[in-house]
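K.L.:
Provided below are the primary sequence and the corresponding predicted coordinates.
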Amino acid sequence: MRWQTTDIDTYQQSQSYVDTALIPLLPVSLGEEMKMKVAMGEYISLIAMEMEKQFRGRMMQLPPLSYPQNEGVEELLQHLNAWVEELKANGKNHIIWLTSDPMWKKYEDEIPGGLLLWLPHLPIEHLDPQLRQKTINDQMKEILPTIMKEWRQDKGS
Amino acid sequence: MEKNHNVSRRQFLTYTLTGVGGFMAAGVVMPMVRFAVDPLLQADAADDMVDVAAVDELTEVPQAYDLEYEQDQGWHIEQVSETVWLFLEGDEVVALSSVCTHLGCTVNWGTDPDNPEQFFCPCHLGRFERDGNNVPGTPPTEPLHRYPLEVRDGRVFLGTNAQPQI
């Protein structure tokens, strides 16, 4: 489900089925790496949309969490923790952080809440629409087992 | 002499005023009629069908195809892409929606190792038979929706409004 008024009614009727939150992590920079960051954001947003389409009955796609590139990891982790607290309090036992920012790779063990879905950024902005769709579909096929694995964990909670 | 005119002054004035008045009335009424009739003229575009696949690509095993069309959202035109499961039932083509009737996740064919001959929804383990009927005891409460379909010159055309099977 999306962060949209039209989806929230469905959400409120079937809250117990929606136990997963999807939050994209997007770095922002206006400096040298600007173009790279924009492409990254576009790619991750597309993947997030596609994941929402695939898993919409169990997954709530939240607005992306964006941060300036120079923000310290400590503060970011603190911010993430606040999110986890809010989400867990509302029954979201699986939290999926979606990003291609290489910075997170190093802190994979410290990320709270659930799954860090780190995808290498593919420069799909240069591809024609059909090939782009195929690339995204292929990526989705790889993501599916990861999500299923996450869902198999701590089922009871 | 004056009485010999074919058209009297009074008649002339009546004709002219009726004529001018008629044009003015038409000027007002015509746009109104056009606006009133407009939805009827547009109706054609709504049931346009979309070319999705060639019939001879299809098999007994359901395959995924993309149904792409534009939807007018009022303030912008959205490019919609839906996944459709197409397969042959005897000589008949069947087009099932991939949207799980439980909460709208996308179902896949044969991805549940225990039930390779069924549609499977990864979200809450919902299952559907090949003909789209939901398997009792799994979360979905109605069969997968079916697309209206026409075969023209060996191509499969689908309507953009999948219909409930019950």
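P.N.:
Nice, thanks for sending it over. Numbering: from 1, shown residues only, chains lettered A, B, ... in the order given.
K.L.:
Can you tell me the closest non-neighbouring residue to B:L58?
P.N.:
Distances taken as C-beta to C-beta, 6 or more residues apart in numbering or on different chains put B:L88 closest to B:L58, at 5.1 Å, once the chain neighbours are dropped. In this view, the C-beta of every residue, glycine as well, is placed from N, C-alpha and C.
K.L.:
how many neighbours does the one you found have?
P.N.:
The number of residues packed near B:L88 is 14, by other C-beta atoms under 10 Å in any protein chain shown.
K.L.:
Then A:K35?
P.N.:
Quick note: A:K35 (other C-beta under 10 Å) scores 10 neighbours.
K.L.:
For it, give me phi and psi.
P.N.:
Recorded main-chain torsions at A:K35 are phi -60, psi -40, according to degrees, to the nearest 10.
K.L.:
who are the neighbours in contact with the residue nearest to B:L58?
P.N.:
By C-beta atoms under 8 Å, 6 or more residues apart in numbering or on different chains, the contact set of B:L88 is B:58-60, B:94.
K.L.:
Out of those residues, list just those in strands.
P.N.:
For those, membership in strands holds for B:V94, with DSSP state E as the criterion.
K.L.:
Just the closest residue of chain B to chain A, please.
P.N.:
In chain B, the residue found nearest to chain A is B:L103; the distance is 2.7 Å by C-beta to the nearest C-beta.
K.L.:
I'd like the distance from that residue to B:L67, if you could.
P.N.:
21 Å (C-beta to C-beta, to the nearest Å).
K.L.:
For the residue nearest to B:L58, what is the enclosing helix or strand?
P.N.:
strand B:77-89 (DSSP states H and E).
K.L.:
would you say B:Q71 is within a strand?
P.N.:
Yes. B:Q71 forms part of a strand when assessed by DSSP: H, G, I helix; E, B strand; the rest coil.
K.L.:
got a list of what A:L22 touches?
P.N.:
A:L22 sits next to A:48, A:51-52, A:59-62, A:96, A:98 when contact means C-beta under 8 Å, 6+ apart.
K.L.:
Name the next helix or strand downstream of the helix or strand hosting A:D9, please.
P.N.:
Using DSSP H and E, A:D9 maps to helix A:5-13. Stepping forward along the backbone from helix A:5-13, the first helix or strand reached (DSSP H and E) is strand A:20-28.
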